[in-house]
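[1] Sequence plus the predicted model coming up.
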There are 4 protein chains.
Amino acid sequence: MSSTFGTLFKITTFGESHCRGVGVIVDGVPPGMALTESDVQTQLDRRRPGQNSLTTPRDEADQVSIQSGTEFEKTLGTPISMFVANKDQRPKDYGEMADIPRPSHADYTYMKKYGIKASSGGGRSSARETIGRVAAGSVAEKFLKEKYGIEIVAWVSSAGDVEAGPIDINTITRKAVDASPVRCPDEETAELMVKEIEAVRDASDSTGGTVSCVCRGVPPGWGEPVFDKLEAMLAHAMLSIPATKGFEIGSGFAGTALKGSEHNDPFIQKGDRLGTLTNHSGGVQGGISNGEPITFKLAFKPPATIGQAQKTAGFDGSNVTLEAKGRHDPCVVPRAVPIVEAMAALVLADAALQQEARATTAV
Amino acid sequence: MSSTFGTLFKITTFGESHCRGVGVIVDGVPPGMALTESDVQTQLDRRRPGQNSLTTPRDEADQVSIQSGTEFEKTLGTPISMFVANKDQRPKDYGEMADIPRPSHADYTYMKKYGIKASSGGGRSSARETIGRVAAGSVAEKFLKEKYGIEIVAWVSSAGDVEAGPIDINTITRKAVDASPVRCPDEETAELMVKEIEAVRDASDSTGGTVSCVCRGVPPGWGEPVFDKLEAMLAHAMLSIPATKGFEIGSGFAGTALKGSEHNDPFIQKGDRLGTLTNHSGGVQGGISNGEPITFKLAFKPPATIGQAQKTAGFDGSNVTLEAKGRHDPCVVPRAVPIVEAMAALVLADAALQQEARATTAV
Amino acid sequence: MSSTFGTLFKITTFGESHCRGVGVIVDGVPPGMALTESDVQTQLDRRRPGQNSLTTPRDEADQVSIQSGTEFEKTLGTPISMFVANKDQRPKDYGEMADIPRPSHADYTYMKKYGIKASSGGGRSSARETIGRVAAGSVAEKFLKEKYGIEIVAWVSSAGDVEAGPIDINTITRKAVDASPVRCPDEETAELMVKEIEAVRDASDSTGGTVSCVCRGVPPGWGEPVFDKLEAMLAHAMLSIPATKGFEIGSGFAGTALKGSEHNDPFIQKGDRLGTLTNHSGGVQGGISNGEPITFKLAFKPPATIGQAQKTAGFDGSNVTLEAKGRHDPCVVPRAVPIVEAMAALVLADAALQQEARATTAV
Amino acid sequence: MSSTFGTLFKITTFGESHCRGVGVIVDGVPPGMALTESDVQTQLDRRRPGQNSLTTPRDEADQVSIQSGTEFEKTLGTPISMFVANKDQRPKDYGEMADIPRPSHADYTYMKKYGIKASSGGGRSSARETIGRVAAGSVAEKFLKEKYGIEIVAWVSSAGDVEAGPIDINTITRKAVDASPVRCPDEETAELMVKEIEAVRDASDSTGGTVSCVCRGVPPGWGEPVFDKLEAMLAHAMLSIPATKGFEIGSGFAGTALKGSEHNDPFIQKGDRLGTLTNHSGGVQGGISNGEPITFKLAFKPPATIGQAQKTAGFDGSNVTLEAKGRHDPCVVPRAVPIVEAMAALVLADAALQQEARATTAV
């Protein structure tokens, strides 16, 4: 179990789907910053299920409580603990389900790793685990916005095989993203995505998708070569989100087919700073931010839990047919948007503190 | 600067392109393992330039010296320090070049981050930095092979827009990979890749490509949820390699367009263990290895240094035309193969030690 | 703020004296261990104030709640979060006290470090911060006892200038320690200590003392040279406890006056293992446990908060006279006993996991 | 093996007594600082054996070579690798000595931990391991002096049972310390110490001693509560030095017998800052520096290797008599002085960077 992430801006999360609750300790938050629960609740509300017909109808209020680290609504520089109670705190005895690892789920691997697993709901591999990330990310994001003017916006760039048209990364806002329940800011595509998701939902099936993200206003100089390059930390953070299968920054996989003469980003003067004419680099060169928008994209597989009957094997190797009960997200990408933003904020806040330490002490 | 990677099997690298040398300290190597320099030299030879007409003709012998941590050719359990001298140890005064940050290179960002940069050769962002990784990875790989029978094989799956045909991940060997100078085991495609690379080389240009990798024989249970999931650590490791722009595991980006009913990997009995019928998961479920082959793919951008004239701006914002001198790799993927294998081995060795600690102490 | 301690058995604490509560996340607990709140409550009860006339009469029930990481009273291998609510959750406006840093307290340094401080009760420097340590230590201790048969016992070896007579480290028990309210197992001295503490209490003063500790049954081989030697980790852990000023292991400071011929511990056969005739080493040689009892001693200064009037200066440099109100511990050592045991257990549990990783993988 | 120390200013050391050499990588050194080998050699010369008749006559030149991280005699912000070759690089076959663990040495515990040990010279537990610390400490010290004006001076405060008289911590200099071969700046005591050490040397015996240290000019605000309090990090660093058995800061063990009314350090205005009238705190309150001199003391046991015959047991439990050959340090404290200074500098440099990160980003 590695439940801690970050070097100076450091979070530690806890909680399974059916214990008392889930939460996070955020250590290293700069002191003197205004912070109340409402600063955190907004993104938690964007994350929670039951927001619309595209997500699981389970109603989870997910009210966050700040337990430490602030006084008179200001951060003290001490660890901020945040807690969200679980609605259903009783583990269930899943009967025969306990004998069958769900295909492409974590049941089998948790059992092989720990020799024991939470009896229901996915335990620590449950999506509820991301609540702590989103709460912590909100704190990081507030710091980044107030101190540096940084804006982070993620959106759904594909659902199933429906791909969004081009988005203007310089102007895209969360408001525009939230205009559609599927969180795709390209209106026309959004409608197609909704239909796609409704179709797989009605077929008791699921589908994958991609989330894109831009971080605007990151100053040049952030990111720690050679192992903690900014893209390496972003990749680490993003691939730690459940159900992710891929990450690309800037030109990504498509850029591998280009020539250097096409792919290189020439420098140009932009106001009082040096910028680049194109941004195939995605805002990062040599592992360090260059002042251009940081752009990356993340692949999410189709949710493993589906209503359709599946032929598989039990822990004992016997052939079985599995049919999941209840309702489940047919596609996770709309709800993944605030999680991606949170993890990006956590990476950037940590990079910020590390670079401030260096910049101040240079002799 | 974050030059340390790993928790229990931990490496720390050093060295710029024109200092005395480059190297690595490997801490946490299990004691009692046979180890000599020849165990390390093999992969260093696969990494070094000048191997054939597709790579830069600079001749770097890159002879490794083990400076500590072994006695009578056995590891002591103490840190293993390895050193490779630089041929050209004098920093050059690059004259006007010092005033022009090379497009899509790290010159600009290093200067913004540190306020100073190595005067030539890319300093710490140079490809020579990867020598330490490859040396350390060889030690990790030897441990993984001797203790668990793990095999790691990477190969070039595309160069420019030439994509390799299907490769059998269960049987592919390094010998088959090395049969072609471009390290693509698909003979026919390999020839096309060679032509593609020769063409960009002759045009004083460069091109990108992808490297795929399989890790066979990894036992189920490795990888540390929730932040150090196996795919998260692999993504971190891979995106820390210079010139990388993307990472995908298992079905990756293509899998996002699939339905859950297509994408799920049903369990089946395989001999005396549970396996999966398909492997869209890429050997990892819930961040933990499941015993199937681990498969991933990595995107490399076209090298930024090209002979063609490029319009860009100097540090002072003035318009300039830049023409790189000397000879450079027109495509990095053939030489990246052993680097990818090394980083995979380092991630797995660290995951192994962490899981052994848990498995032994379960009460 | 560094609120995380440990490498594999890792704890993160949070909480000030007047926020919602204090607590801890314990990550890395081996799975499958029986654990309920009563396993933790015992040591918390030994730590809490109001136990007798020697401690502050503030009544803090300090009931612990396990919020995650167990199911059906067994550990899952996932992070265990534990929470203790604060009785008084409202920060007070301390009026003029806010302008005067208490002598030898953390008021001044917290203000210089963070530019802000909790308005009352010491914030994060409060003794309540140690609740999370004691809770986590109880989990570590249970693991050490069940898996290795390790016993950890601490006791008060001096209060003020009253020093306990010799204690038999091979047989001393917590029961014997708790026989006296001052937690000194030497009956006669204990009475003198009680009188000493009552005298300073009645004089509105305070006094210091020492706590000694023995860890029995630690197998040889624990501790990680060269920087995380067992004594180095113990010293780190112990000096992180509030009010500590010194640490010594084995012969400690007194041993510096001995000759090598007197101080060396000769090896002798003990049953089926090699042991030492004397134990000046305190159970550790070269930073690694040798199988003999680990013995160390810790110095606690007199509590800084006293009822007597003190001449000092305000934050603005003005001369002031300060008189603390309320009742405070005249001597912390009796209540420090379970805290010392907890920190020892945390260091040993982490060392255990690290050594298990090594021992299993040696090839 | 934990050969890495520090969070932002981080060192990793390597090397046994009879391998190719010993050294260190220093990561996190601020860029743009002037640095050459002569900045490092001075302290290495103070550490090396053979300086006078009180130390082992083995002649080790210990010339340091900077292998990376600087260019044109300035730091680049990249890892600085430093190397010192071993004179005698051949491991010896120690014959029957291999079967006898030396009393109070690390032979037995290394064998229990690793199942293998360096055949001669103590391997990683050898005093040569401290060369990397001293080299790295010199870099840290230069940074602390140039950026903050910090001065660190250590001296021998006792050898055997000879204790130095009072030293003025505000004025003591390294020059005054080095006036005597025993590095005790109290002239009269120094002579007694020399006689004491010569006496044990002539008796083929050894003796212990203490080293005291003061760090002047540390600004208030350094140190990271709650686990990385400044005194906790100092204790960790100091107890990781070979042969240490105790650490105390400020009033230390003696302060435990004082009353709070005697021990508290009243605040007073000192120029334009708040200071304290006394300094029982040793410059640290609540784990954070308060601007007063930081003072601590360290206990060293008598060296375990002595010429006298010792009755002990072999690895197989058989009774044996052991007589060490060659010449050895009869007392380590004179040579420990620069090692203590180095470790203090490393702790402070790391604390500095962490506090700079916080102070700059407070919003």
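    Sure, I can see it.
[2] I'd like the average pLDDT over stretch A:28-37.
    If you average the pLDDT over stretch A:28-37, you get 97.
[3] wait, doesn't A:Ile288 sit right on A:Gly221?
    Yes. Using C-beta atoms under 8 Å, A:Ile288 is in contact with A:Gly221, at 6.2 Å. (Glycine included, C-beta is placed from N, CA and C.)
[4] Can you pick out the residue with more neighbours from those two?
    Neighbour count, other C-beta atoms under 10 Å in any protein chain shown: between A:Ile288 and A:Gly221, A:Ile288 has more, with 27 against 22.
[5] contacting residues for the more buried one?
    A:220-223, A:225, A:229-230, B:106, B:109-110, B:112-113 (C-beta atoms under 8 Å, 6 or more residues apart in numbering or on different chains).
[6] quick revisit: between A:Ile288 and A:Gly221, which contacts overlap?
    Residues touching both A:Ile288 and A:Gly221 (C-beta under 8 Å, 6+ apart) are B:109, B:112-113.
[7] What subset of the residues you listed is buried?
    The neighbour count (16 or more other C-beta atoms under 10 Å in any protein chain shown) marks B:109, B:112-113 as buried among the shared contacts of A:Ile288 and A:Gly221.
[8] can you tell me which of those residues are up against chain D?
    B:Lys113 (C-beta under 8 Å from any C-beta of the partner chain).
[9] Out of the buried ones among the shared contacts of A:Ile288 and A:Gly221, which is nearest to chain D?
    Using C-beta to the nearest C-beta, B:Lys113 is the member of those that lies nearest chain D, at 7.3 Å.
[10] Test my guess that the closest one contacts A:Gln355.
    Yes. Using C-beta under 8 Å, B:Lys113 is in contact with A:Gln355, at 6.8 Å.
[11] Now stretch A:190-207: buried residues?
    By 16+ other C-beta under 10 Å, the buried positions in stretch A:190-207 come out as A:190, A:192-194, A:196-197, A:200-201, A:203-207.
[12] Can I get it as PDB, trimmed to CA atoms?
    C-alpha atoms of stretch A:190-207 as PDB (Å, rounded to 0.1, in the frame of the first residue of the first chain):
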ATOM      1  CA  ALA A 190     -21.600  16.000 -26.700                       C
ATOM      2  CA  GLU A 191     -25.000  15.000 -27.900                       C
ATOM      3  CA  LEU A 192     -23.500  12.100 -29.800                       C
ATOM      4  CA  MET A 193     -21.600  11.000 -26.700                       C
ATOM      5  CA  VAL A 194     -24.700  11.100 -24.600                       C
ATOM      6  CA  LYS A 195     -26.400   8.800 -27.100                       C
ATOM      7  CA  GLU A 196     -23.400   6.500 -27.200                       C
ATOM      8  CA  ILE A 197     -23.400   6.200 -23.400                       C
ATOM      9  CA  GLU A 198     -27.100   5.700 -23.200                       C
ATOM     10  CA  ALA A 199     -26.900   3.000 -25.800                       C
ATOM     11  CA  VAL A 200     -24.300   1.000 -23.900                       C
ATOM     12  CA  ARG A 201     -26.100   1.600 -20.600                       C
ATOM     13  CA  ASP A 202     -29.300   0.300 -22.100                       C
ATOM     14  CA  ALA A 203     -27.400  -2.700 -23.400                       C
ATOM     15  CA  SER A 204     -26.100  -3.400 -19.900                       C
ATOM     16  CA  ASP A 205     -22.700  -2.700 -21.200                       C
ATOM     17  CA  SER A 206     -20.000   0.000 -20.800                       C
ATOM     18  CA  THR A 207     -17.600   2.000 -22.800                       C
END
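[13] Next, the buried residues of the helix or strand hosting A:Lys147.
    Assigned by DSSP states H and E, A:Lys147 belongs to helix A:130-148. Neighbour-count burial for helix A:130-148, counted by 16+ other C-beta under 10 Å, picks out A:130-144, A:147-148.
[14] right, quick check: the helix or strand just after it against chain B, any contact?
    Per DSSP H and E, the first helix or strand lying C-terminal to helix A:130-148 is strand A:151-159. Yes. Counting by C-beta under 8 Å from any C-beta, contacts between strand A:151-159 and chain B involve A:Ser158.
[15] I'd like the distance from strand A:151-159 to the chain centre, please.
    11 Å (C-alpha atoms, centre = their mean, to the nearest Å).
[16] likewise stretch A:138-147?
    Counting by C-alpha atoms, centre = their mean, stretch A:138-147 comes out at 16 Å from the chain centroid.
[17] Stretch A:349-363 too?
    25 Å.
[18] Same question for stretch A:343-358.
    17 Å.
[19] per-residue confidence averaged over that stretch?
    For stretch A:343-358, mean pLDDT is 97.
[20] Alpha carbons only: can I get it in PDB?
    Output of stretch A:343-358 as PDB, limited to C-alpha atoms (Å, rounded to 0.1, in the frame of the first residue of the first chain):
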ATOM      1  CA  MET A 343      -4.200  15.100  -9.700                       C
ATOM      2  CA  ALA A 344      -2.800  17.800 -12.000                       C
ATOM      3  CA  ALA A 345      -3.000  20.400  -9.300                       C
ATOM      4  CA  LEU A 346      -1.300  18.100  -6.800                       C
ATOM      5  CA  VAL A 347       1.700  17.600  -9.200                       C
ATOM      6  CA  LEU A 348       2.000  21.300  -9.900                       C
ATOM      7  CA  ALA A 349       1.700  22.400  -6.300                       C
ATOM      8  CA  ASP A 350       4.500  20.000  -5.400                       C
ATOM      9  CA  ALA A 351       6.700  21.200  -8.300                       C
ATOM     10  CA  ALA A 352       6.000  24.800  -7.300                       C
ATOM     11  CA  LEU A 353       7.300  24.300  -3.800                       C
ATOM     12  CA  GLN A 354      10.400  22.500  -5.000                       C
ATOM     13  CA  GLN A 355      11.300  25.200  -7.500                       C
ATOM     14  CA  GLU A 356      10.600  28.000  -4.900                       C
ATOM     15  CA  ALA A 357      13.200  26.300  -2.600                       C
ATOM     16  CA  ARG A 358      15.700  26.300  -5.400                       C
END
